[in-house]
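*Asks:* model this:
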Amino acid sequence: MIRRTLIASLLAVLFVATPAIADEATIGHPLKAGSLHDGRLDMVVYYVPTDGGLLEVTATFAPKGGGDPQRVVMGLADRDSVAFSMPGYRGSLYAFSRSGEEVTVSTVSDMHPRTNALPG
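*Replies:* Okay, the predicted model is just below:
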């Protein structure tokens, strides 16, 4: 009985401590757009290849309640990854990663709003 309770408690702690990926999109071709709609921002993202072998990734974030969109442009080499939150929207972390000709974008919305850190 104690063993079952201990296992159940451990599983509950692991579940709570793991941030949930709320939304994810993978783009596998230039100019093919993907979108994410989790949290207070909608996002559209696409990429174009550059002469230097980078993929130039453009992400446009639009507040769901109206307001000015924000745009981020970054170059990603193969196996690069980056994560950040948008100014004024620190509760969501946006992660971008590249593998070959694919760019994957995901959101994690379980961040602590005061510390800007993942829970756990």
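
*Asks:* I'd like the next helix or strand past the longest strand seen in the chain.
*Replies:* In the chain, with assignment by DSSP state E, the single longest strand is strand 89-99. Downstream of strand 89-99, the first helix or strand assigned by DSSP states H and E is strand 102-108.

*Asks:* show me which residues of the longest strand of the chain are buried.
*Replies:* Applying a neighbour-count criterion of 16 or more other CB atoms under 10 Å, one finds 89, 92, 93, 94, 96, 97, 98 buried in strand 89-99. To be clear about C-beta, it is placed using only N, CA and C from the backbone, and glycine gets the same treatment.

*Asks:* so the third one is in contact with residue 85, correct?
*Replies:* Yes: with contacts defined as CB atoms under 8 Å, residue 93 counts as touching residue 85 at a distance of 5.5 Å.

*Asks:* could you check the pLDDT of residue 15?
*Replies:* At residue 15 the predicted local confidence, pLDDT, stands at 40.

*Asks:* please apply the same query to residue 40.
*Replies:* 89.

*Asks:* and residue 96, by the same measure?
*Replies:* According to the model's per-residue confidence, residue 96 sits at a pLDDT of 98.

*Asks:* might you report the residue contacts of it?
*Replies:* For residue 96, the contacting residues are 45, 57, 59, 74, 76, 81, 82, 83, 103, 104, 105, taking CB atoms under 8 Å, 6 or more residues apart in numbering as the criterion.

*Asks:* try it again at 6 Å.
*Replies:* Shown here is residue 96, whose contacts under the criterion CB atoms under 6 Å, 6 or more residues apart in numbering are 82, 105.

*Asks:* okay, and the beta partners of it?
*Replies:* residue 82, residue 105 (DSSP bridges).

*Asks:* 15 is where my numbering starts, stick with that
*Replies:* OK, 15 is where the count begins now, so the last one is residue 110.

*Asks:* state the distance from it to residue 36.
*Replies:* 15 Å (CB to CB, to the nearest Å).

*Asks:* now do residue 69
*Replies:* Distance of residue 69 to residue 36, computed by CB to CB: 24 Å.
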